[in-house]
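> What follows is a predicted protein model with its sequence.
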Amino acid sequence: MIEFKNVSKNFGNFNAVSNLSFKLNKGEILSLIGQNGAGKSTTFHMLLDFIKPTKGQIIWNKNLKRNIGYMPEERGLYPKESIKNQILYFAALHGMHKSKAYVELKKWMNKLNVVGEPNDHIESLSKGNAQKVQLIACLMFSPELLILDEPFSGLDPVNADLLIKAILEAKNNGTMIIFSTHNMENVEKLSDYIIMLSHGKTVLKGDIHSIYKQFGRTRLSIEGYKNIKLLEDFPGIKNIDFYNDDCANMELENENVGKTLFNKISEDGYVPVFDQHYPSLDSIFKLKAK
Ligand SMILES: Nc1ncnc2c1ncn2[C@@H]1O[C@H](COP(=O)(O)OP(=O)(O)OP(=O)(O)O)[C@@H](O)[C@H]1O
């Protein structure tokens, strides 16, 4: 278990992280989101003990320190070295025997579909493949804690899916995982908990469903309603975009407006699509980043 209790970090007078609190247990995934400069990497650096918090406490089992897989935002492989030499070196740091590490390396290269051979130099790999090799360095020794700073950057959607699969496999084996990303779709696919930072402050926190519920079903799509233009002045609709003569997407002031609207338009007969839903995580991110 890891716990942050009211953790803050100042650099001089600048407050990079403010009163951050969370708990993470075995097999749980936390995603840390926020705009550039929000304080995500600073949080990772405190967790890794690279820097000390200015205030607050980070509580965790000290034995864990030898069993952390960390992928920094600045990728850290040596371009002139072979994949094999580097991975075996990292594996040795975690007490893994060379022959076992080599078997694991080949298994992971296959699993993550790395295009290259163990003896290839990192500089000969594409950016995405080099990134996958760095992920292997974190994943292959089954860490208790995995910290991934923007692991999806540079990966195409097919490779991003392979990474998602590998992260979920690690979760199922009991690994605690904290990752940062700007890709909200992957946040939805992976997270048990989400924390959003804005200028170091926590502006969103919880599991995805409780976050959606905070916003309510305030987005509505209607298709195939011949009198759609009548909705232009309907009370409680904030923004409405019309398309195709009989369709519109709109924002509602609150989710109860949906019911009134439904009753009104069903007086005109059958409407094939009336879809009242939560805002996407992307829209929530934009709202909270303001
Ligand atoms: N060592 C440092 N000294 C001074 N300021 C720092 C230091 N490290 C980070 N900062 C500042 O703290 C703030 C948070 O930075 P951090 O790298 O944690 O953001 P981030 O959320 O990881 O951003 P990004 O998405 O761009 O990676 C930024 O304004 C940054 O300039």
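Good, I have the coordinates. This is a predicted model, so every value here is computed, not measured.
> part of a strand, is residue 22?
Yes - applying DSSP: H, G, I helix; E, B strand; the rest coil, one finds residue 22 inside a strand.
> If the residue nearest to it when sequence neighbours are not counted is in a bridge, with which residues?
With sequence-adjacent residues excluded and distances taken as CB to CB, 6 or more residues apart in numbering, residue 22 is closest to residue 4, at 5.2 Å. The way it works is simple: take the backbone N, C-alpha and C, and place the C-beta from them, glycine included. Counting by DSSP bridges, residue 4 forms beta bridges with residue 22, residue 58.
> Just give the number of residues close to residue 4.
22 (other CB atoms under 10 Å).
> got it, and residue 254?
Neighbourhood size, residue 254 [other CB under 10 Å]: 10.
> One more: the one 4 residues further on?
The tally of other residues near residue 258 (other CB under 10 Å) stands at 20.
> For it, which non-adjacent residue is spatially closest?
Leaving aside its sequence neighbours, residue 258 sits nearest to residue 276 (CB to CB, 6+ apart; 4.4 Å).
> What confidence value was assigned to the one you found?
pLDDT for residue 276: 98.
> what about it, which helix or strand?
In the assignment (DSSP states H and E), residue 276 maps to strand 273-277.
> Now do that strand: which elements does it pack against?
On a contact count with 3 or more CB pairs under 8 Å, 6 or more residues apart in numbering; DSSP states H and E, strand 273-277 meets strand 219-223, helix 256-266.
> mind listing what the shortest one pairs with, with the direction of each?
The one in question is strand 219-223. Strand pairing (DSSP bridges) places strand 219-223 next to strand 247-252 (antiparallel), strand 273-277 (antiparallel).
> returning to that earlier point: now the strand holding residue 276 - C-alpha only, PDB.
Taking C-alpha atoms only, strand 273-277 is exported to PDB below (Å, rounded to 0.1, in the frame of the first residue of the first chain):
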ATOM      1  CA  VAL A 273     -32.200   8.500 -31.300                       C
ATOM      2  CA  PHE A 274     -32.500  10.200 -27.900                       C
ATOM      3  CA  ASP A 275     -29.200   9.600 -26.200                       C
ATOM      4  CA  GLN A 276     -28.600  11.400 -22.900                       C
ATOM      5  CA  HIS A 277     -25.100  10.700 -21.600                       C
END
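> Same question for that strand: list its buried residues.
For strand 273-277, the neighbour count (16 or more other CB atoms under 10 Å) marks 274, 276 as buried.
> The ligand contacts on this protein?
11, 14, 16, 34, 36-42, 73 (CB under 6 Å from any ligand atom).
> most surrounded residue in those residues?
residue 40 (27 neighbours).
> Tell me the pLDDT of it.
We have a pLDDT of 96 for residue 40.
> Repeat that for residue 91.
Looking at residue 91, its pLDDT is 88.
> mind listing what the residue nearest to it when sequence neighbours are not counted touches?
In this structure, residue 91 finds its nearest non-sequential neighbour in residue 101, 3.5 Å apart by CB to CB, 6+ apart. The neighbours of residue 101, taking CB atoms under 8 Å, 6 or more residues apart in numbering as the test, are 87-88, 91-92, 140.
> all helices of the protein, in order?
40-47, 83-93, 98-111, 127-139, 157-172, 184-190, 208-215, 256-266, 281-289 (DSSP state H).
> Save these as a markdown table, and put in distance to residue 249 too.
Output for these, formatted as a markdown table (distance: least, CB to CB, whole Å):
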| stretch | distance to residue 249 |
| --- | --- |
| helix 40-47 | 31 |
| helix 83-93 | 47 |
| helix 98-111 | 40 |
| helix 127-139 | 34 |
| helix 157-172 | 25 |
| helix 184-190 | 18 |
| helix 208-215 | 16 |
| helix 256-266 | 13 |
| helix 281-289 | 11 |
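> and residue 247, which of the ones you listed is closest to it?
Of all the helices of the chain, helix 256-266 sits nearest to residue 247, with 12.5 Å by CB to CB.
> tell me which strands and helices that closest one is in contact with?
If you count contacts as 3+ CB pairs under 8 Å, 6+ apart, helix 256-266 packs onto strand 219-223, strand 273-277.
> any chance of the ones you listed in a markdown table, with distance to residue 147 too?
What follows is the helices and strands packed on helix 256-266, written out as a markdown table (distance: least, CB to CB, whole Å):
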| stretch | distance to residue 147 |
| --- | --- |
| strand 219-223 | 34 |
| strand 273-277 | 33 |
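> Understood, closing this out.
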